[in-house]
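Asker: Quick one, fold the following:
(one chain, ligands or ions: 1)
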Amino acid sequence: MSENVIIEFDKVVKRFGKYTVLDELSFKIQPGEKVTIIGPSGSGKSTVLRILMTLETINGGVVYVDGKPLWHEKAADGSLRPASEAHLRQLRTMLGMVFQQFNLFPHMTVLRNITEAPVQVLGLPKAEARQRAEELLELVGLTDQMHKYPHQLSGGQQQRVGIARALAMRPKVLLFDEPTSALDPELVGEVLRVIRRLAEEHDLTMLLVTHEMRFAREISDRVMFFDQGRICEQGTPEQLFSSPTKERTREFLRSTLESNNGG
Ligand SMILES: Nc1ncnc2c1ncn2[C@@H]1O[C@H](COP(=O)(O)OP(=O)(O)OP(=O)(O)O)[C@@H](O)[C@H]1O
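Answerer: Numbering: from 1, shown residues only. Next up is the predicted model:
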């Protein structure tokens, strides 16, 4: 694997029972790249993110994170063996995820939601974790909400806390799993603004699953169109949205356009 690849899927197979969700899926992502995955429901988009977060195992192929196999470790004799929990934990710290349903700790304040993992997992001193949290709250525009609990915030505010919480671990790669799909339409804009700002101002690698086509077009370096567990077509937003080459892509884009106009 070349040095300028931070994520690689090499012929990854994922099955649930007899159902093949990812069918020898291969792709590479470079450091700093902003990549969006679009595609019909059930095409395996979220599964890709869940595998990277080690929330799902794989049935074949190899996933590399920063050049190291995620699910395997090299034994002394050079052979690959299943990864130990310590190996998974170490690689997991390189990745952060923003979930569709925010997944904040309901019994913790906003501030504590953000400082908890840096203190508990990274062993950061509390004062340093708090300073980091305060900087991130400023970035997401929530400095005045830091002592509130999640249920006292709007969905858009909760998701912005979710983004700050993921960033507090200083991941190299940030994964977004449909970050706005649980939000009321009027709250979508504030979350997209924060993500757009991150994409513009930081050299973070970003992999996003989204149904927001206009947003995907604006922020992505590359868009991958998934269909039935494979990449059907990929390219720059301009190529994919303006001149898709596959009939399946055109059909999908037409249907999302129609549902957006209808809704
Ligand atoms: N834990 C599971 N057990 C069984 N089947 C699963 C499981 N998780 C996902 N699936 C199935 O795998 C397929 C792919 O799921 P995935 O969530 O990756 O799709 P998606 O492209 O993200 O879809 P959506 O846009 O609807 O979120 C779906 O058919 C789903 O029902």
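
Asker: Quick check, pLDDT for residue 2.
Answerer: In this model, residue 2 is scored at 49, pLDDT.

Asker: Return the backbone torsion pair for the closest residue to residue 39 other than its chain neighbours.
Answerer: Nearest non-adjacent residue to residue 39, counting by C-beta to C-beta, 6 or more residues apart in numbering: residue 226, 3.3 Å away. For the C-beta atoms, the positions are set from N, CA and C on the backbone; glycine is no exception. The phi/psi pair for residue 226 (degrees, to the nearest 10) reads phi -90, psi 140.

Asker: Just the buried positions in the helix or strand containing residue 135, please.
Answerer: Using DSSP states H and E, the element containing residue 135 is helix 126-139. When burial is assessed from 16 or more other C-beta atoms under 10 Å, helix 126-139 yields the following buried residues: 129, 130, 132, 133, 134, 136, 137, 139.

Asker: what's the helix or strand following that helix packed up against?
Answerer: Counting by DSSP H and E, the next helix or strand C-terminal to helix 126-139 is helix 155-167. If contacts are counted by 3 or more C-beta pairs under 8 Å, 6 or more residues apart in numbering; DSSP states H and E, helix 155-167 sits against strand 95-98, helix 110-120, helix 126-139, helix 185-201.

Asker: Would you single out the least confident of the ones you listed?
Answerer: Mean pLDDT across the helices and strands packed on helix 155-167 is lowest at helix 185-201; the value there is a mean of 90.

Asker: Just give me how far it sits from the chain centre.
Answerer: 14 Å (C-alpha atoms, centre = their mean, to the nearest Å).

Asker: Same check on stretch 195-208?
Answerer: Average the C-alpha atoms of stretch 195-208, do the same for its chain, and the two points are 11 Å apart (C-alpha atoms, centre = their mean).

Asker: can you list contacts of that stretch?
Answerer: For stretch 195-208, the external contacting residues (C-beta atoms under 8 Å, 6 or more residues apart in numbering) are 6-7, 29-37, 48-49, 52, 139, 163, 167, 171-176, 179, 215-216, 218-220.

Asker: Please list the members of those residues that lie in helices.
Answerer: Among the contacts of stretch 195-208, the members found in helices (DSSP state H) are 48, 49, 52, 139, 163, 167, 215, 216, 218, 219.

Asker: how about the residue nearest to the second one when sequence neighbours are not counted, what does it touch?
Answerer: Nearest residue to residue 49, sequence neighbours excluded (C-beta to C-beta, 6+ apart): residue 175, at 4.6 Å. Contacts were defined as C-beta under 8 Å, 6+ apart; by that measure residue 175 touches 49, 52, 53, 95, 96, 97, 98, 206, 207, 208.

Asker: The same query, at a cut-off of 7 Å, please.
Answerer: Shown in contact with residue 175 (C-beta atoms under 7 Å, 6 or more residues apart in numbering): 49, 52, 53, 95, 96, 97, 207.

Asker: From those residues, pick the one nearest the ligand.
Answerer: Taking C-beta to the nearest ligand atom as the measure, the ligand sits nearest to residue 49 out of the contacts of residue 175, at 8.2 Å.

Asker: list the contacts for that closest one?
Answerer: 97, 175, 177, 207, 209.

Asker: re the thing from before, got TSV for the buried residues of helix 126-139, with distance to residue 85 too?
Answerer: Shown next, in TSV, are the buried residues of helix 126-139 (distance: C-beta to C-beta, whole Å):
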residue	distance to residue 85
129	24
130	29
132	26
133	28
134	33
136	28
137	32
139	32
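
Asker: now, among these, which is nearest to residue 153?
Answerer: Closest approach to residue 153 among the buried residues of helix 126-139 (C-beta to C-beta): residue 137, at 12.0 Å.

Asker: wait, doesn't that closest one sit right on residue 146?
Answerer: Yes - the pair residue 137 / residue 146 is scored as a contact, 5.6 Å apart, by C-beta atoms under 7 Å.
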